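Provided below for reference: sequence and predicted model.
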Amino acid sequence: MSIPVVDFSAYSLSGTDVTDEQLQRLAAELKRAFVEIGFVLLTNTGITQEEVDRFMDISLKFFLQPDELKKPFSRQTFPNNLNHGWVSLETEKLNPNRPADLKESFNTSSFHPDIAWPSSDGLQDFKEIHMSFFQRCKELSLRVLRVMAVSLGLDPDVFLSAHLLIETDDNATTMRSLYYPPVKRVKENQLRCGEHSDYGTITLVFQGTDGLEVCTRAGDYIPAAYIPGAVLINIADLMQRWTADQFISVSHRVLMPPAGDPGTRQSVAFFLHPDDEVLITCCDGSNKYPPIKAGDYVTQKFNESYEKKKA
Ligand SMILES: O=C(O)CCC(=O)C(=O)O
Ligand SMILES: [Fe+2]
C-alpha cells in the first residue's frame, strides 16, 4: 500500500478555469484517498519547489542561530496569539506517552501588527517569505476544501464558509516550519515526531527529505515518499468528525535515526483550521459526534501536547 498520487493540474493555482467534469474527476480521486488512507500526494498544485526551497532556506537560517537570538520570538510571547512563534527543542510532545519530540519549530499563526518578526542579518526577508508562503498554502487549501465538499455531494462552499477568518486571531490556522537537528543523544522511546493525528480540517505537508510515516487502516506504518514539488495533504481530526468518519484522520510520525546520525530534516506543515467559533456538526446529520466548537477542540489538544514541564 502506498499514498495515492493525484495530478491537481486542472485546479492548479496557476491554471485558469476548471471545468465541472475536471472537478468531478478530482473529487472522485481525492475522496478515494481520504476514505481509504486519509493522505494524498498532490502534484502540479501551482506551488513550486523553488517557493518551498526559498521558504526552507530562510527557516534554516533562523533555526541555526543560537537559542538566545530565537528566544524573543518564542511561542506564548505574543498576547494576541499564544500559538505564534518559536518552539524550542524537546518542548512539544505529540505523543504524550513518549519523551518530548527531538525537533524545533516556528509557528506562523498571526499577522497582527504587534507580532515581532526576526529581521537581523540574513533574515530581513523572513517576514515577507513567511507571509507569502502562508498565502499560497491558504489558497491551495481552500481549493482542496471545495473539491472535498463536491466529493461528498455537499454545497461546494460548505467547508469554505467555515474558514473566513484565517490569518486573524479568531482562527487557529498555523503554518509550521520544522527543523530536526542531527541526533547526538537519544532518550528511550524518543522520536523526532511522536505518533499523532493533526487537529484541524486538513494539513499540507512539504517534506525536505523522506522520513514521515503514515499508519494505514490495517495498523502498519508506511513511508510517505518525498516527491520534489508534490504536496502531501492529510485529513485532520475536525474534518473526520465533520464527515462522521467518512474521511479519516490517521496517526503519523517521524522516526528517530540512530544516535550519532549527522542527518538533519526540514519540513513545513500548514494546519488549516475552521474559525474558532464554528460549531462542527456531522454533515450527514448522523450526530455520530456531539457538536464541538473548533476553538475548544484545538485548545484541549494544545493543553495535552504542551503539558507543563516538571521542575
Ligand atoms: O515533519 C513532518 O513531516 C511532519 C510533522 C507533523 O506531522 C506535524 O508537525 O504535525
Ligand atoms: Fe502531523
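Cool, the structure landed. Ligands and ions are numbered 1, 2, ... in the order given.

which single residue in the stretch 201-311 of the chain comes nearest to ligand 1?
Proximity of the stretch 201-311 of the chain to ligand 1 (C-beta to the nearest ligand atom) peaks at S267, 3.5 Å away. C-beta coordinates here come from the backbone N, C-alpha and C atoms, glycine included.

for that residue, which three-state class applies?
Counting by DSSP: H, G, I helix; E, B strand; the rest coil, the backbone at S267 sits in strand.

near it, how many other residues are there?
Close neighbours of S267, defined as other C-beta atoms under 10 Å, add up to 26.

state the distance from it to N81.
The gap separating S267 from N81 is 22 Å, by C-beta to C-beta, to the nearest Å.

on that earlier part again, which ones are touching the residue of the stretch 201-311 of the chain closest to ligand 1?
For S267, the contact set (C-beta atoms under 8 Å, 6 or more residues apart in numbering) comprises 177-178, 205-208, 211-212.

so it bridges to which residues?
Note on S267: beta-bridge partners L178, Q207, judged by DSSP bridges.

quick check: pLDDT value at it.
Residue-level confidence at S267 comes out at 97, pLDDT.

likewise S305?
Looking at S305, the pLDDT reads 78.

ok, the closest residue to F106 other than its chain neighbours - contacts?
Nearest non-adjacent residue to F106, counting by C-beta to C-beta, 6 or more residues apart in numbering: S177, 4.7 Å away. S177 is in contact with 55-56, 59, 62-63, 105-106, 108, 266-268, counting by C-beta under 8 Å, 6+ apart.

quick one: which of those is nearest to ligand 1?
S267 (3.5 Å).

about what we covered before: of the contacts of S267, the lowest pLDDT goes to which?
Comparing the contacts of S267 by pLDDT, G208 comes last, at 91.

so what's that residue closest to, chain neighbours aside?
That would be Q266: by C-beta to C-beta, 6+ apart, it lies 3.9 Å from G208.

wait, isn't the one you found in contact with L178?
Yes. Between Q266 and L178 there is a contact under C-beta atoms under 8 Å: 6.6 Å.

which of these two has more neighbours?
L178 (24 against 20).

my read: that one touches K103, true?
Yes. With contact defined as C-beta under 8 Å, L178 reaches K103; the gap is 5.6 Å.

what sits in contact with each of those two?
C193.

ok, the residue nearest to G208 to P181 distance?
Applying C-beta to C-beta, the value for Q266 to P181 is 10 Å.

what is the burial count for the nearest residue to A294 once chain neighbours are set aside?
Among residues not flanking A294 along the chain, P274 sits closest, at 4.1 Å (C-beta to C-beta, 6+ apart). The criterion is other C-beta under 10 Å. On that basis, P274 has 29 neighbouring residues.
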